[in-house]
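In: Could you look at this predicted model? Sequence included:
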Amino acid sequence: MKNLNLPDQNTWIGGKSEDCELQNGPYLYDPNTSEALVRSRSSSSSQIERAIGLANETHLDGAWSELGIEGRAPMLYALADELDAHVEEIAQLDSLNSGVPIRITRMFASSNGDTVRAVVQRALALGNAEALSADGRKVLIHRIPWGATALIMPWNAPSAMAVKKLSFALAAGATVVMKPSPASPFSTELVAKSAAKANIPHGVVSLVLGGANVGAQLVSDRRIRAISMTGSTTTGRSIAVAAGANFARLRLELSSNNPAIVCADADVDHAAKEIASGAMKLSGQWCEAPRRVIVAQPILQDFVAALREALAKLRIGSSLDDDTDLGPVAFEARKLELLSQRDALKVAGAEIIEIGSPQPTGWFVQPTIAVSADIDPGMEIFGPLITVQPSASDDHAIKIANSGHVGLAAYMFSSDIEKAHILGAKLQVGEVKINGTSVLDMSPISAQSFFGESGIGGHGDEDVFDFYSGKRIVGTDMKNLPI
């Protein structure tokens with residue numbers, strides 16, 4: 001903390017920063033120490049109005065969209081270079097805001113520039129329009145941005161999510177208004193500053209700050225034509241209601257109580273190590289983390305022992321320490337909810353296994369296992385708490401896994417890969433990983449939909465790029481048609 005300068009929390013409109021008009025919000029804390037850092041700030045209603053108005057005007061006058069991807073690309077490459085210049089600062093700010101170990105936030109921050117470059121290369125390869133086969137007539141499909149677009153980020157991966165959403169939107173020709181989580185505003189300031197230094201035209205990128213009231217004003221405005229949001233199902237449902245009357249295009253990546261099935265023939269030690277790793281990534285605050293483990297009854301006790309051993313090897317400490325494996329959760333309310341969930345599981349009869357000792361300060365939650373034959377499938381856990389329950393058969397495991405709040409991801413562990421593929425295809429989620437729990441996609445052309453209450457839309461670069469633009473066909477009509 002001694003060498004870390006916190007950026008001002010400013011509103012950015014038209015490529016220029018200005019003071020937030022509301023400056024006395026709740027305190028932001030260092031999750032490692034519980035130390036109060038600064039008060040959060042919020043853009044005023046009039047600032048939000050100006051940001052939306054400018055984004056809409058810039059879209060309508062075509063100052064950005066009519067450049068085409070060839071005209072936009074040099075400025076987007078400049079944005080990538082600017083982000084590369086802020087890697088360490090962004091990594092430290094994200095670690096401080098989220099509690100995620102800096103080794104992980106540094107990986108994210110160091111890839112931000114390359115994220116932009118990869119999106120630009122994809123957009124250049126697609127071009128602005130595609131010629132269709134039409135018996136010699138000129139018929140083109142044009143990719144047209146929907147209009148002013150709201151980008152709403154989560155608190156667990158602030159800069160990575162901001163950069164990914166921003167790069168796809170800008171490459172598609174959209175104008176944007178960004179809003180980070182009020183719990184993690186710091187690094188998005190550097191993203192907005194980088195966009196301004198890249199000479200992206202006036203009005204293309206704006207940044208507003210604040211909580212639910214700011215988000216509500218943003219997503220309910222009729223001039224916002226597309227909304228990309230990553231966050232909780234509760235917030236996503238509110239956005240869907242607010243934006244529905246305007247028929248705004250939605251991409252909502254929400255929460256999910258992701259199951260992991262460990263079959264009787266699985267390598268128990270490998271499954272335990274992978275699930276421990278996956279569940280504790282981002283301090284347990286990863287939307288696709290394995291949260292509830294469904295284990296074949298004959299190997300239940302062996303698995304629990306192996307999972308306990310794997311979790312005990314994690315180095316718990318400050319998120320800003322290079323040696324830390326598991327940091328604190330991001331804020332006090334997150335810690336309190338996890339402790340409440342742990343206590344509720346205990347009252348319901350679960351065996352609670354806590355690993356290590358409580359930390360004296362900060363928002364730390366010990367790695368915890370809750371073992372029970374009956375786990376509420378609707379209890380979504382977002383932190384270092386894993387539930388484990390037995391299954392009587394593979395079919396029984398599938399039935400349990402498909403119950404409750406599920407839809408994003410699932411995990412299968414078995415020594416029989418063909419069987420795992422057959423079982424995995426029965427899971428009502430967008431992605432099933434066999435014998436692993438990595439964060440990265442399994443293929444360069446990976447794609448997955450958000451099922452159930454886990455959202456609207458999906459992952460995969462092709463799908464994400466398509467979200468930010470519609471298709472318009474222009475061409476010479478056929479002659480001598482009967483009707």
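Out: That came through, no problem.

In: Point out where this structure drops to low pLDDT.
Out: 1-3 (pLDDT under 70).

In: Can you list the residue ranges for helices in it?
Out: 45-61, 68-84, 87-98, 102-126, 158-171, 186-197, 212-220, 233-244, 268-280, 300-312, 332-347, 394-401, 417-424, 461-467 (DSSP state H).

In: Please list all residues in contact with the residue sitting nearest the centre point of the chain.
Out: Central residue check for the chain by Cα atoms, centre = their mean: the C-alpha nearest the mean position is that of Thr230, 5.0 Å away. Counting by Cβ atoms under 8 Å, 6 or more residues apart in numbering, Thr230 touches 152-154, 161, 165, 252-254, 287. In this view, the C-beta of every residue, glycine as well, is placed from N, C-alpha and C.

In: Put the alpha carbons of stretch 172-185 into PDB.
Out: Extracted C-alpha coordinates of stretch 172-185, given in PDB (Å, rounded to 0.1, in the frame of the first residue of the first chain):
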ATOM      1  CA  ALA A 172     -18.000  -3.200 -33.800                       C
ATOM      2  CA  GLY A 173     -18.400   0.600 -34.100                       C
ATOM      3  CA  ALA A 174     -20.500   1.200 -31.000                       C
ATOM      4  CA  THR A 175     -20.300   4.200 -28.700                       C
ATOM      5  CA  VAL A 176     -20.200   3.200 -25.000                       C
ATOM      6  CA  VAL A 177     -20.900   4.300 -21.500                       C
ATOM      7  CA  MET A 178     -19.000   2.200 -19.000                       C
ATOM      8  CA  LYS A 179     -20.100   1.600 -15.400                       C
ATOM      9  CA  PRO A 180     -17.800  -0.400 -13.000                       C
ATOM     10  CA  SER A 181     -19.000  -1.900  -9.800                       C
ATOM     11  CA  PRO A 182     -19.000   0.600  -7.000                       C
ATOM     12  CA  ALA A 183     -16.900  -1.900  -5.100                       C
ATOM     13  CA  SER A 184     -14.100  -1.800  -7.700                       C
ATOM     14  CA  PRO A 185     -13.900   1.500  -9.500                       C
END
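
In: Any chance of the contacts of Thr230 in JSON lines with distance to Met442 and neighbour count as columns?
Out: Converted to JSON lines, these look like this (distance: Cβ to Cβ, whole Å; neighbours: other Cβ atoms under 10 Å):
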{"residue": "Ile152", "distance to Met442": "27", "neighbour count": "25"}
{"residue": "Met153", "distance to Met442": "25", "neighbour count": "28"}
{"residue": "Pro154", "distance to Met442": "23", "neighbour count": "23"}
{"residue": "Met161", "distance to Met442": "20", "neighbour count": "25"}
{"residue": "Lys165", "distance to Met442": "22", "neighbour count": "24"}
{"residue": "Leu252", "distance to Met442": "23", "neighbour count": "22"}
{"residue": "Glu253", "distance to Met442": "18", "neighbour count": "22"}
{"residue": "Leu254", "distance to Met442": "22", "neighbour count": "26"}
{"residue": "Cys287", "distance to Met442": "17", "neighbour count": "22"}
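
In: what's the distance between Met75 and Val204?
Out: Met75 is 9 Å from Val204, where distance means Cβ to Cβ, to the nearest Å.

In: more neighbours, these two?
Out: Val204 (25 against 19; other Cβ atoms under 10 Å).

In: can you tell me how far the more buried one sits from Pro328?
Out: Distance of Val204 to Pro328, given as Cβ to Cβ: 36 Å.

In: okay if I get the helices of the chain as CSV plus distance to Cys20?
Out: Listed next are the helices of the chain as CSV, based on distance: least, Cβ to Cβ, whole Å:
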stretch, distance to Cys20
helix 45-61, 7
helix 68-84, 23
helix 87-98, 17
helix 102-126, 24
helix 158-171, 17
helix 186-197, 11
helix 212-220, 10
helix 233-244, 21
helix 268-280, 35
helix 300-312, 41
helix 332-347, 22
helix 394-401, 44
helix 417-424, 47
helix 461-467, 29
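
In: among those helices, which is nearest Ser446?
Out: Nearest to Ser446, of all these, is helix 461-467, at 8.3 Å by Cβ to Cβ.

In: Can I get that closest one in CSV, CA atoms only?
Out: Only the C-alpha atoms of helix 461-467 are listed here, as CSV (Å, rounded to 0.1, in the frame of the first residue of the first chain):
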residue,chain,number,x,y,z
ASP,A,461,-15.6,-14.5,-29.5
GLU,A,462,-17.8,-15.0,-32.5
ASP,A,463,-21.0,-14.7,-30.4
VAL,A,464,-19.7,-11.8,-28.3
PHE,A,465,-18.7,-9.8,-31.4
ASP,A,466,-22.1,-10.5,-33.0
PHE,A,467,-23.8,-9.1,-29.9
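
In: buried residues in that helix?
Out: Using 16 or more other Cβ atoms under 10 Å as the test for burial, helix 461-467 gives 461, 464-467.

In: can you list the residues you listed in JSON lines and add distance to Val87?
Out: JSON lines is the format used below for the buried residues of helix 461-467 (distance: Cβ to Cβ, whole Å):
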{"residue": "Asp461", "distance to Val87": "22"}
{"residue": "Val464", "distance to Val87": "23"}
{"residue": "Phe465", "distance to Val87": "25"}
{"residue": "Asp466", "distance to Val87": "30"}
{"residue": "Phe467", "distance to Val87": "27"}
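
In: Of those residues, which is the nearest to Lys399?
Out: For the buried residues of helix 461-467, the nearest to Lys399 is Val464 (32.2 Å; Cβ to Cβ).

In: how about that closest one, what does it touch?
Out: Val464 neighbours (Cβ under 8 Å, 6+ apart): 164, 168, 251, 457.

In: rerun that using 7 Å as the cut-off
Out: Phe168 (Cβ atoms under 7 Å, 6 or more residues apart in numbering).

In: for the one 5 residues further on, same thing?
Out: When contacts are counted by Cβ under 7 Å, 6+ apart, Ser469 is found next to 143-146, 172-173.

In: Tell me which two in the residues you listed are the farthest apart.
Out: Once Cβ to Cβ is applied, those give Arg143 and Trp146 as the farthest pair, at 10.7 Å.

In: Glu253 bridge partners, please.
Out: Glu253 has these beta-bridge partners by DSSP bridges: Thr230, Gly455.

In: didn't it look like it was pressed against Phe451?
Out: No: contact status for Glu253 versus Phe451: not in contact, 12.0 Å apart, counting by Cβ atoms under 7 Å.
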